[in-house]
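Trainee: Predicted model and sequence follow; I will ask about them next.
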Amino acid sequence: MPLDQALLSFSRLSLARNGHSVLDRVSFELGRGETLGMVGESGAGKSTIALVAIGLLRPPAVSLEGSMAFAGRDDLLAEPEATWAGLRGRHIGMIFQDPASALDPCYTVGRQLTDPLRRLLGLTRAAARKRAIELLESAGLNDAEARLAAFPHELSGGMQQRVMIAIALACNPDLLLADEPTSALDVTIQAQIMQLILRQVRARDASCIFVLHDLALASQVCDRIVVLYAGQVVEAGDTGTVLRRSLHPYTQALKSCVIELDTETLTPPEGGLPALGAMPAGCRFAPRCPRATAKCTTSTPPLRRLDERDVACWHPG
């Protein structure tokens, strides 16, 4: 992707917490107006990347290496908190995984919507209230004006998530980060929420990163996907290309776990992710990989271009 078309790019991002590697040389780009899905098991590093991208995970809590560029700004990882404060909400928004925890129980929905509108956009109290009602209506909440006086605990999980979406998109950010936005919702509500997010993002010509476990869902909503395993990118590219003919054995294992109607057999990979303090040498997936060789256990495979995607494997195919 040409650099002038990239809204967000990470280059060799590494993150360590308490001396343990969490992310290892993660590199990818997000184009303007593009939807990208980060997929992998819990603990793969997906949410960690999202928190880095919005500046909520920074030194001294963690150590960071590499670089992050966003909307023409280079090396944001080295910028002070004041710079990040000017980006959050106004240019980068985030839908958190659990809206019940992300929304402040001490403030009404209206207060949590109008405060950023007044602080970041400089709206008057009346204009912010009018805009808040419009946002709640666009998020699919009925009787939006009455909802302004409600506290989060007075709303259902689906309503809370719609409020979270309205807050994240309130200032028309260039980038939206959606961290498992439907994981806590009923199946009947999940599709509505995903369609709502996509509709709102596209209407604003914004870019979006979805953090997902569901590979089937990623195939429906994402232009490209990045497959993460134990803090490393193992395969990345156009969604159709990667899922139609996956080259990395981990991506293939994820595909074998997709639950569909009439599915009779699921074949999940044996074992689990390595502990942070006990990352294996070489390929981190080698202990669970059916095609691992001695080379896989001693040498880390580089992320290289192969068959129209990037893949990190000594024995792809």
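Mentor: The structure has been received and is ready for your questions.
Trainee: Which helix or strand in the protein has the lowest average pLDDT?
Mentor: When the helices and strands of the chain are scored by mean pLDDT, DSSP states H and E, helix 187-203 comes last with a mean of 84.
Trainee: Tabulate the CA atom coordinates of the helix or strand that that helix is followed by in PDB.
Mentor: Next along the chain after helix 187-203, taking DSSP states H and E as the criterion, comes strand 207-212. C-alpha atoms of strand 207-212 as PDB (Å, rounded to 0.1, in the frame of the first residue of the first chain):
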ATOM      1  CA  SER A 207     -11.400   3.500   8.700                       C
ATOM      2  CA  CYS A 208     -12.100   0.800  11.200                       C
ATOM      3  CA  ILE A 209     -10.200  -2.000  12.900                       C
ATOM      4  CA  PHE A 210     -12.300  -4.800  14.300                       C
ATOM      5  CA  VAL A 211     -10.800  -7.000  17.000                       C
ATOM      6  CA  LEU A 212     -12.500 -10.400  16.600                       C
END
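Trainee: Parallel or antiparallel, list what pairs with strand 207-212.
Mentor: strand 35-39 (parallel), strand 175-179 (parallel) (DSSP bridges).
Trainee: Residues contacting it, please?
Mentor: 7-8, 30-39, 46-47, 49-50, 53, 97, 174-181, 197-198, 201, 218, 221-222 (C-beta atoms under 8 Å, 6 or more residues apart in numbering). (Each C-beta comes from the backbone N, C-alpha and C, glycine too.)
Trainee: Helices of this protein, residue ranges please.
Mentor: Counting by DSSP state H, one finds helices in the chain at the ranges 46-53, 81-87, 99-102, 109-121, 125-138, 144-147, 157-168, 187-203, 215-221, 239-244, 249-255, 294-298.
Trainee: Buried deepest among these, which one?
Mentor: Mean neighbour count (mean count of other C-beta atoms under 10 Å) peaks for helix 157-168 among these, with a mean of 24.
Trainee: from the chain's centre, how far out does that helix sit?
Mentor: 17 Å (C-alpha atoms, centre = their mean, to the nearest Å).
Trainee: where does this protein have low pLDDT?
Mentor: Along the chain, segments meeting pLDDT under 70 span 1-4, 184, 259-266.
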